[in-house]
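Engineer: Sequence first, then the predicted structure:
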Amino acid sequence: MKNGFFRGHGLGNDYLVMDPKELTFALKSKTVALICNRHWGLGSDGILVPVPSKSADFGLRIFNPDGSEAEKSGNGLRIFARYLHATGRTKKTHFTVETKGGLVTVDLHLDARRDASSVTVEMGRATFSPGALPCTLRADELIRQPIQAAGRSLNFTGVSVGNPHCVVFKSAGQSWTREDLLALGPALEHHSIFPRRTNVQLAVPTGPKKLFILIWERGAGETQASGSSSCAAASAAVRLGLVKSPVRVDMPGGSLNIDVAPDFDLTMTGPVAEVARGTLSASFLRALR
(Lines give C-alpha, C1' and ligand atoms only; values in the text may rest on other atoms or scores of the structure.)
Protein backbone atom coordinates (compact mmCIF):
# COMPACT_ATOMS: atom_id res chain seq x y z
CA MET A 1 0.00 0.00 0.00
CA LYS A 2 1.71 3.20 -1.20
CA ASN A 3 2.20 5.91 1.43
CA GLY A 4 0.47 3.77 4.01
CA PHE A 5 0.76 3.78 7.80
CA PHE A 6 0.04 1.47 10.73
CA ARG A 7 -0.95 3.13 14.02
CA GLY A 8 -0.64 1.45 17.40
CA HIS A 9 -0.24 2.42 21.02
CA GLY A 10 1.29 1.05 24.18
CA LEU A 11 -0.61 2.42 27.19
CA GLY A 12 -1.44 5.62 25.33
CA ASN A 13 2.06 6.16 23.92
CA ASP A 14 1.27 6.06 20.20
CA TYR A 15 3.48 5.44 17.18
CA LEU A 16 3.08 5.22 13.43
CA VAL A 17 4.90 2.53 11.47
CA MET A 18 5.88 3.59 7.95
CA ASP A 19 7.91 1.44 5.57
CA PRO A 20 10.28 3.49 3.35
CA LYS A 21 9.83 0.93 0.56
CA GLU A 22 6.14 1.90 0.41
CA LEU A 23 6.65 5.68 0.50
CA THR A 24 7.02 8.11 -2.40
CA PHE A 25 8.90 10.60 -0.19
CA ALA A 26 11.91 10.52 2.14
CA LEU A 27 11.45 10.49 5.93
CA LYS A 28 13.55 13.53 6.71
CA SER A 29 13.42 15.33 10.06
CA LYS A 30 11.06 18.09 8.83
CA THR A 31 8.81 15.51 7.19
CA VAL A 32 8.67 13.41 10.35
CA ALA A 33 7.83 16.47 12.46
CA LEU A 34 4.95 17.44 10.15
CA ILE A 35 3.48 13.92 10.06
CA CYS A 36 3.68 13.68 13.87
CA ASN A 37 2.10 17.10 14.44
CA ARG A 38 -1.26 16.55 16.15
CA HIS A 39 -2.86 19.61 14.51
CA TRP A 40 -1.32 19.72 11.03
CA GLY A 41 -0.52 16.05 10.46
CA LEU A 42 -1.54 12.57 11.57
CA GLY A 43 -0.34 13.12 15.12
CA SER A 44 1.97 10.69 16.88
CA ASP A 45 4.59 10.28 19.59
CA GLY A 46 6.97 9.12 16.86
CA ILE A 47 7.50 7.08 13.71
CA LEU A 48 8.87 3.53 13.57
CA VAL A 49 10.76 2.69 10.40
CA PRO A 50 11.63 -0.90 9.43
CA VAL A 51 15.15 -1.19 7.99
CA PRO A 52 17.39 -4.10 6.96
CA SER A 53 19.57 -5.74 9.60
CA LYS A 54 22.58 -8.04 9.26
CA SER A 55 22.60 -9.07 12.93
CA ALA A 56 18.88 -9.54 13.73
CA ASP A 57 15.66 -10.76 12.17
CA PHE A 58 14.49 -7.16 11.74
CA GLY A 59 15.96 -3.68 11.97
CA LEU A 60 14.25 -0.59 13.38
CA ARG A 61 14.85 3.16 13.34
CA ILE A 62 12.85 5.28 15.78
CA PHE A 63 12.04 8.94 15.15
CA ASN A 64 10.81 11.35 17.81
CA PRO A 65 8.01 13.79 16.92
CA ASP A 66 10.51 16.65 16.63
CA GLY A 67 12.32 14.74 13.88
CA SER A 68 15.28 13.66 16.01
CA GLU A 69 16.18 9.99 16.29
CA ALA A 70 15.88 7.81 19.40
CA GLU A 71 18.11 4.85 20.17
CA LYS A 72 15.42 2.65 21.73
CA SER A 73 11.76 2.69 22.77
CA GLY A 74 10.05 -0.02 24.79
CA ASN A 75 6.54 0.94 23.72
CA GLY A 76 7.78 1.45 20.17
CA LEU A 77 9.26 -2.03 20.12
CA ARG A 78 6.00 -3.59 21.30
CA ILE A 79 4.07 -1.69 18.61
CA PHE A 80 6.64 -2.66 15.97
CA ALA A 81 6.37 -6.30 17.04
CA ARG A 82 2.60 -6.21 16.71
CA TYR A 83 2.90 -4.55 13.30
CA LEU A 84 5.25 -7.26 12.03
CA HIS A 85 2.87 -10.03 13.10
CA ALA A 86 -0.40 -8.29 12.17
CA THR A 87 0.76 -7.42 8.66
CA GLY A 88 2.14 -10.88 7.95
CA ARG A 89 5.78 -9.83 7.86
CA THR A 90 6.46 -12.63 10.30
CA LYS A 91 4.58 -15.64 11.64
CA LYS A 92 7.11 -16.11 14.41
CA THR A 93 6.29 -15.27 17.99
CA HIS A 94 9.97 -15.11 18.98
CA PHE A 95 12.45 -12.96 17.04
CA THR A 96 15.16 -10.31 17.34
CA VAL A 97 15.16 -6.60 16.45
CA GLU A 98 18.21 -4.40 15.99
CA THR A 99 17.91 -0.79 17.18
CA LYS A 100 20.49 1.97 17.47
CA GLY A 101 20.41 1.26 21.22
CA GLY A 102 21.26 -2.41 20.77
CA LEU A 103 19.73 -5.73 19.78
CA VAL A 104 16.63 -6.92 21.65
CA THR A 105 14.72 -10.20 21.80
CA VAL A 106 10.94 -10.15 21.43
CA ASP A 107 8.27 -12.66 22.49
CA LEU A 108 4.66 -12.20 21.36
CA HIS A 109 1.76 -13.36 23.52
CA LEU A 110 -1.22 -14.11 21.29
CA ASP A 111 -4.77 -13.74 22.59
CA ALA A 112 -7.86 -15.77 21.63
CA ARG A 113 -8.14 -13.83 18.36
CA ARG A 114 -4.48 -14.58 17.56
CA ASP A 115 -3.57 -10.92 18.02
CA ALA A 116 -0.29 -10.06 19.73
CA SER A 117 -2.02 -8.11 22.50
CA SER A 118 0.94 -8.42 24.89
CA VAL A 119 4.67 -8.43 24.22
CA THR A 120 7.77 -9.25 26.24
CA VAL A 121 11.01 -7.53 25.25
CA GLU A 122 14.46 -8.31 26.61
CA MET A 123 15.65 -4.70 26.71
CA GLY A 124 19.36 -5.21 27.39
CA ARG A 125 21.43 -4.20 30.40
CA ALA A 126 21.15 -0.99 32.40
CA THR A 127 24.32 0.91 33.18
CA PHE A 128 24.91 3.88 35.46
CA SER A 129 28.17 4.91 33.81
CA PRO A 130 28.39 8.61 32.80
CA GLY A 131 29.90 7.71 29.43
CA ALA A 132 26.92 5.58 28.48
CA LEU A 133 24.33 8.37 28.56
CA PRO A 134 26.53 10.46 27.95
CA CYS A 135 26.89 12.78 30.95
CA THR A 136 29.79 15.15 31.57
CA LEU A 137 29.93 14.60 35.35
CA ARG A 138 33.05 12.88 36.63
CA ALA A 139 31.86 9.91 38.67
CA ASP A 140 32.17 6.14 38.60
CA GLU A 141 28.38 5.87 38.60
CA LEU A 142 25.59 8.43 38.33
CA ILE A 143 24.01 7.52 41.66
CA ARG A 144 22.22 10.27 43.63
CA GLN A 145 24.18 13.03 41.92
CA PRO A 146 23.29 16.66 42.76
CA ILE A 147 21.81 18.84 40.01
CA GLN A 148 20.20 22.27 39.73
CA ALA A 149 17.17 22.54 37.46
CA ALA A 150 14.27 25.00 37.18
CA GLY A 151 15.50 26.77 40.32
CA ARG A 152 15.47 23.57 42.39
CA SER A 153 18.23 21.53 44.05
CA LEU A 154 17.71 17.84 43.23
CA ASN A 155 19.50 14.51 43.26
CA PHE A 156 19.29 12.34 40.17
CA THR A 157 20.32 8.85 39.16
CA GLY A 158 21.50 8.58 35.57
CA VAL A 159 20.96 5.32 33.72
CA SER A 160 21.30 4.15 30.14
CA VAL A 161 19.18 1.31 28.81
CA GLY A 162 20.41 1.91 25.28
CA ASN A 163 19.09 5.47 25.53
CA PRO A 164 19.72 8.07 28.27
CA HIS A 165 17.57 8.65 31.37
CA CYS A 166 17.63 11.00 34.34
CA VAL A 167 15.59 9.61 37.25
CA VAL A 168 14.63 11.83 40.18
CA PHE A 169 13.05 10.17 43.21
CA LYS A 170 10.84 11.39 45.99
CA SER A 171 10.44 9.37 49.17
CA ALA A 172 7.59 6.90 49.64
CA GLY A 173 4.45 8.70 50.70
CA GLN A 174 5.32 11.83 48.71
CA SER A 175 4.13 12.63 45.21
CA TRP A 176 5.01 14.47 42.02
CA THR A 177 2.59 16.75 40.16
CA ARG A 178 2.15 17.44 36.47
CA GLU A 179 3.33 20.99 37.20
CA ASP A 180 6.59 19.49 38.52
CA LEU A 181 6.99 17.53 35.30
CA LEU A 182 6.31 20.51 33.03
CA ALA A 183 8.91 22.56 34.91
CA LEU A 184 11.61 19.94 35.49
CA GLY A 185 11.18 17.87 32.33
CA PRO A 186 12.48 20.38 29.77
CA ALA A 187 15.04 21.81 32.20
CA LEU A 188 16.60 18.40 32.78
CA GLU A 189 16.26 17.25 29.15
CA HIS A 190 18.32 20.21 27.97
CA HIS A 191 20.66 20.46 30.98
CA SER A 192 24.24 21.20 30.00
CA ILE A 193 25.60 18.00 31.62
CA PHE A 194 23.66 15.93 29.06
CA PRO A 195 25.23 16.82 25.69
CA ARG A 196 22.77 14.63 23.74
CA ARG A 197 19.82 15.56 25.96
CA THR A 198 18.06 12.99 28.13
CA ASN A 199 14.73 11.42 28.99
CA VAL A 200 13.38 12.32 32.43
CA GLN A 201 11.39 10.35 34.99
CA LEU A 202 9.96 11.75 38.22
CA ALA A 203 9.55 8.65 40.38
CA VAL A 204 8.28 7.59 43.77
CA PRO A 205 8.18 4.08 45.30
CA THR A 206 4.62 3.05 46.17
CA GLY A 207 5.26 -0.45 47.52
CA PRO A 208 8.00 -3.07 47.97
CA LYS A 209 7.84 -3.87 44.25
CA LYS A 210 5.98 -0.87 42.86
CA LEU A 211 6.85 2.55 41.41
CA PHE A 212 4.86 5.46 40.03
CA ILE A 213 6.51 7.68 37.43
CA LEU A 214 5.77 10.78 35.39
CA ILE A 215 7.60 10.90 32.07
CA TRP A 216 9.21 13.59 29.95
CA GLU A 217 10.62 12.09 26.76
CA ARG A 218 13.52 13.61 24.88
CA GLY A 219 12.19 15.10 21.67
CA ALA A 220 8.56 14.37 22.58
CA GLY A 221 7.77 16.00 25.93
CA GLU A 222 5.15 14.70 28.35
CA THR A 223 4.01 11.16 27.54
CA GLN A 224 1.45 8.87 29.14
CA ALA A 225 3.74 5.84 29.25
CA SER A 226 7.20 4.71 28.19
CA GLY A 227 8.81 1.29 28.15
CA SER A 228 12.42 2.43 28.28
CA SER A 229 11.55 4.98 31.00
CA SER A 230 9.94 2.20 33.03
CA CYS A 231 13.07 0.08 32.62
CA ALA A 232 15.31 2.98 33.63
CA ALA A 233 13.25 3.92 36.69
CA ALA A 234 12.92 0.30 37.82
CA SER A 235 16.65 -0.39 37.48
CA ALA A 236 17.51 2.85 39.31
CA ALA A 237 15.07 2.04 42.12
CA VAL A 238 16.51 -1.47 42.51
CA ARG A 239 20.06 -0.10 42.45
CA LEU A 240 19.16 2.37 45.22
CA GLY A 241 17.43 -0.31 47.29
CA LEU A 242 14.03 1.39 47.06
CA VAL A 243 12.21 -1.62 45.58
CA LYS A 244 12.86 -5.25 44.71
CA SER A 245 12.45 -6.99 41.36
CA PRO A 246 10.14 -7.71 39.60
CA VAL A 247 8.85 -4.15 39.59
CA ARG A 248 5.42 -2.95 38.52
CA VAL A 249 5.83 0.53 37.10
CA ASP A 250 2.62 2.56 37.12
CA MET A 251 2.23 5.57 34.81
CA PRO A 252 -0.70 7.81 33.81
CA GLY A 253 -1.33 5.51 30.83
CA GLY A 254 -1.13 2.21 32.71
CA SER A 255 1.37 -0.30 34.06
CA LEU A 256 4.34 -2.32 32.81
CA ASN A 257 6.13 -5.20 34.52
CA ILE A 258 9.91 -4.94 34.62
CA ASP A 259 12.21 -7.75 35.72
CA VAL A 260 15.61 -6.48 36.86
CA ALA A 261 18.18 -9.28 37.00
CA PRO A 262 21.13 -9.20 39.44
CA ASP A 263 23.38 -8.05 36.56
CA PHE A 264 20.74 -5.43 35.62
CA ASP A 265 19.58 -7.18 32.49
CA LEU A 266 16.04 -5.93 31.90
CA THR A 267 12.89 -7.69 30.68
CA MET A 268 9.72 -5.70 30.01
CA THR A 269 6.21 -7.10 29.54
CA GLY A 270 3.16 -5.04 28.65
CA PRO A 271 0.08 -4.61 26.45
CA VAL A 272 -0.05 -3.24 22.93
CA ALA A 273 -2.96 -2.32 20.67
CA GLU A 274 -3.51 -1.68 16.98
CA VAL A 275 -5.58 1.44 16.26
CA ALA A 276 -5.72 2.04 12.51
CA ARG A 277 -4.24 1.51 9.08
CA GLY A 278 -4.54 4.01 6.27
CA THR A 279 -2.87 6.09 3.59
CA LEU A 280 -1.74 9.68 3.38
CA SER A 281 -3.88 11.85 1.11
CA ALA A 282 -2.60 13.33 -2.13
CA SER A 283 -2.96 16.87 -0.79
CA PHE A 284 -0.99 16.07 2.37
CA LEU A 285 1.73 14.44 0.24
CA ARG A 286 2.03 17.68 -1.72
CA ALA A 287 2.50 19.56 1.56
CA LEU A 288 5.26 17.14 2.57
CA ARG A 289 7.14 17.86 -0.62
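Structural biologist: Here it is on my side, so go on.

Engineer: Only C-alpha atoms from now on, for both contacts and neighbour counts.
Structural biologist: OK.

Engineer: Could you work out the end-to-end span of stretch 243-263 for me?
Structural biologist: 16 Å (C-alpha to C-alpha, to the nearest Å).

Engineer: contacting residues around that stretch?
Structural biologist: Outside stretch 243-263, the residues that touch it by C-alpha atoms under 8 Å, 6 or more residues apart in numbering are 11-13, 125, 205, 207-214, 224-225, 227, 230-231, 234-235, 237-238, 266-271.

Engineer: Mind doing that once more with 7 Å?
Structural biologist: Defining contact as C-alpha atoms under 7 Å, 6 or more residues apart in numbering, one finds that stretch 243-263 is touched by 11-12, 205, 208-214, 224-225, 230-231, 234-235, 237-238, 266-270.

Engineer: Among the residues you listed, name the buried ones.
Structural biologist: Listed as buried from the contacts of stretch 243-263 are 11-12, 205, 209-214, 224-225, 230-231, 234-235, 237-238, 266-270; burial here means 16 or more other C-alpha atoms under 10 Å.

Engineer: Narrow the residues you listed to those in helices?
Structural biologist: Counted as lying in helices by DSSP state H, out of those, are 230, 231, 234, 235, 237, 238.

Engineer: for those, which one is nearest residue 276?
Structural biologist: residue 230 (25.8 Å; C-alpha to C-alpha).

Engineer: Could you pull out the strands in the stretch 151-289 of the chain for me?
Structural biologist: For the stretch 151-289 of the chain, the strands defined by DSSP state E, counting those that start in this stretch occupy 152-160, 164-169, 199-207, 210-217, 221-223, 247-251, 254-260, 265-271, 273-279.

Engineer: Packing partners of the third one?
Structural biologist: Packing partners of strand 199-207 (3 or more C-alpha pairs under 7 Å, 6 or more residues apart in numbering; DSSP states H and E): strand 164-169, helix 178-189, strand 210-217.

Engineer: at 6 Å what do you get?
Structural biologist: strand 164-169, strand 210-217 (3 or more C-alpha pairs under 6 Å, 6 or more residues apart in numbering; DSSP states H and E).
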